[in-house]
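Q: predicted model follows, preceded by the sequence.
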Amino acid sequence: MVEVAKIVLEFIGVFLIVYFGYYFLSYKKADKFNRKKMPINIKYLVFRYNINIVYLGYKRVLKTLMLCDSFIIATIFTVTKFIDNIYIRLFVAFILIFPLFAGIYHLVAMHYKKESE
């Protein structure tokens, strides 16, 4: 039980560190919506799922993607923590990162698609 609590606390710690890092480095300096300066994750949603960022609110979508990215990074850190060999850990993280990003971004895009209709 103590091990599970440690794992959950590590997950929450990594999640908060990554989220606040994104917040201070990305969200604070985000101005109004500019098509030429939008982050790559928002470009992905716009071009792949044809989401109207202006209608939904640029900062709102940016906040949602910050939460998603923090969750993905914390999940990958927690899952690969038990692997001792660094090369195998990097390989597993590399394999896990693409399906996680694709799946979670797909869920976010479908949510915003329903909301914009």
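A: Here it is on my side, so go on. Numbering: from 1, shown residues only.

Q: wait, isn't Thr64 in contact with Val108?
A: Yes: counting by Cβ atoms under 8 Å, Thr64 touches Val108, with 6.1 Å between them. Yep, even glycine has a C-beta here, placed from its N, CA and C like the rest.

Q: who has more neighbours, the two?
A: Per other Cβ atoms under 10 Å, whichever of Thr64 and Val108 has more neighbours is Val108, with 19 against 16.

Q: all the helices of the chain, in order from the start?
A: Using DSSP state H, the helices of the chain run over 2-22, 40-49, 53-56, 58-80, 86-116.

Q: between the ones you listed, which gets the lowest average pLDDT?
A: Note on the helices of the chain: helix 53-56 shows the lowest mean pLDDT, a mean of 87.

Q: so how far is Asp84 from the residue nearest to Asn41 when sequence neighbours are not counted?
A: In this structure, Asn41 finds its nearest non-sequential neighbour in Leu65, 5.0 Å apart by Cβ to Cβ, 6 or more residues apart in numbering. According to Cβ to Cβ, to the nearest Å, Leu65 stands 32 Å off from Asp84.

Q: mind telling me which residue is nearest the centre of the protein?
A: In the chain, the C-alpha nearest the mean C-alpha coordinate belongs to Asp69, at 1.2 Å (Cα atoms, centre = their mean).

Q: count of neighbours near the nearest residue to it once chain neighbours are set aside?
A: Excluding the flanking residues, the one nearest Asp69 by Cβ to Cβ, 6+ apart is Tyr22, at 6.5 Å. Applying other Cβ under 10 Å, we find 19 residues neighbouring Tyr22.

Q: show me what contacts Tyr22?
A: Contacts for Tyr22 (Cβ atoms under 8 Å, 6 or more residues apart in numbering) come out as 66, 69-70.

Q: now with 10 Å?
A: 28, 62-63, 65-67, 69-70, 73 (Cβ atoms under 10 Å, 6 or more residues apart in numbering).

Q: does Arg60 touch His111 like I think?
A: No: the criterion here is Cβ atoms under 10 Å, and Arg60 misses it with His111 at 11.7 Å.
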